[in-house]
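Undergrad: Give the three-dimensional model of this entry:
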Amino acid sequence: MPVTKVNGVDINYELEGDGKETIVLINGLADDLTTWFGQVPDFLAAGCRVLRFDNRGIGKSGRPKGPYTTAQMAQDAKALVDSLGVKDFHLVGVSMGGMISQEYALAYQSDLRSLSLCCTYAAPGPFCSRMFKLWQDMAPVMGVPTVMRDVTLWAFTQDFFLNQEPTLKEFEAAMAALDMPVEAYLAQLNAIQVHDTRSRLKSIKVPTMVLAGADDILIPMNLSEQLHSLIPGADFATAKGGHAFLWEYPQPYNEAVLSFVKKHSR
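TA: Next comes the predicted model:
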């Protein structure tokens with residue numbers, strides 16, 4: 001996969017397809033570009049070009065000293081798409097990626113045809129803030145893979161634990177092998193802890209969809225509903241599954257995203 005330097009940081013990316021419509025994907029906390037494995041084939045099959053990349057701090061991208069912010073990572077995304085000549089695209093962000101996407105839309109919305117904000121929030125609120133503080137305290141003592149084991153319990157539904165054990169074991173193995181130093185994890189974690197766009201979202205005019213996991217307990221539905229209420233004219237939708245709905249039930253997730261992209265295509 002190619003790597004380019006933007007904002008002084010090496011960014012690992014993958015640009016696939018030659019469709020007229022381009023979808024740019026932004027990952028969540030501690031997720032690299034491979035985590036879109038359930039989406040890319042369907043998006044390419046739908047005739048789209050797809051750009052995905054590792055945020056600073058994860059995967060094969062650089063890991064500069066933190067803390068990071070969502071606005072800073074939005075600047076990375078902007079520099080990357082500019083370097084590749086990608087314009088007039090559909091931006092899709094999941095969890096932390098949805099927060100980065102909000103900052104991107106606030107700063108550079110003339111680049112966008114549509115904006116999909118998935119299982120994310122405008123501000124963390126008291127519940128998520130306490131959960132993230134626990135992860136912050138756990139990581140230096142127990143390591144990032146142990147924290148990610150905890151995240152798995154919050155991210156998937158009971159149905160997943162009961163009926164998809166082989167896939168569950170694959171995820172647990174991947175979490176155990178996660179190559180992310182504590183310092184890089186805490187740098188990304190800071191971004192979601194301090195993210196707050198509530199007072200600015202009213203300026204977003206690009207067509208926007210807020211897409212929530214119907215059974216999300218990590219980022220509760222009320223936070224998705226608050227985000228939706230703050231963006232004028234935004235659509236609101238849910239898809240089957242919890243916070244990790246794009247992995248647990250990729251088909252409904254992909255259909256929701258592609259339907260919105262098609263609605264706002266050329």
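
Undergrad: Which strand residues bridge Ala237?
TA: Beta-bridge partners of Ala237, counted by DSSP bridges, are Leu211.

Undergrad: and what of Leu15?
TA: Applying DSSP bridges, one finds that Leu15 bridges with Leu51.

Undergrad: Next one: it from Ser83, what distance?
TA: Remark: distance between Leu15 and Ser83 (Cβ to Cβ, to the nearest Å) = 11 Å. Glycine gets a C-beta too; all of them are placed from N, C-alpha and C.

Undergrad: Repeat that for Ala234.
TA: Separation of Ala234 from Ser83 (Cβ to Cβ): 30 Å.

Undergrad: Just want to know which of these two has more residues nearby.
TA: Ala234 (18 against 13; other Cβ atoms under 10 Å).

Undergrad: so who does that one touch?
TA: 204, 208-210, 228 (Cβ atoms under 8 Å, 6 or more residues apart in numbering).

Undergrad: ok, residues contacting the least confident helix or strand in the chain by mean pLDDT?
TA: Counting by mean pLDDT, DSSP states H and E, the chain has its least confident helix or strand at helix 165-176, which shows a mean of 87. Here helix 165-176 makes contact (Cβ under 8 Å, 6+ apart) with 145, 148-149, 151-152, 156, 160-161, 247.

Undergrad: buried residues in stretch 182-191?
TA: 184-191 (16 or more other Cβ atoms under 10 Å).

Undergrad: hmm, I was thinking of stretch 56-68
TA: In stretch 56-68, counting by 16+ other Cβ under 10 Å, buried: 56-63, 66, 68.
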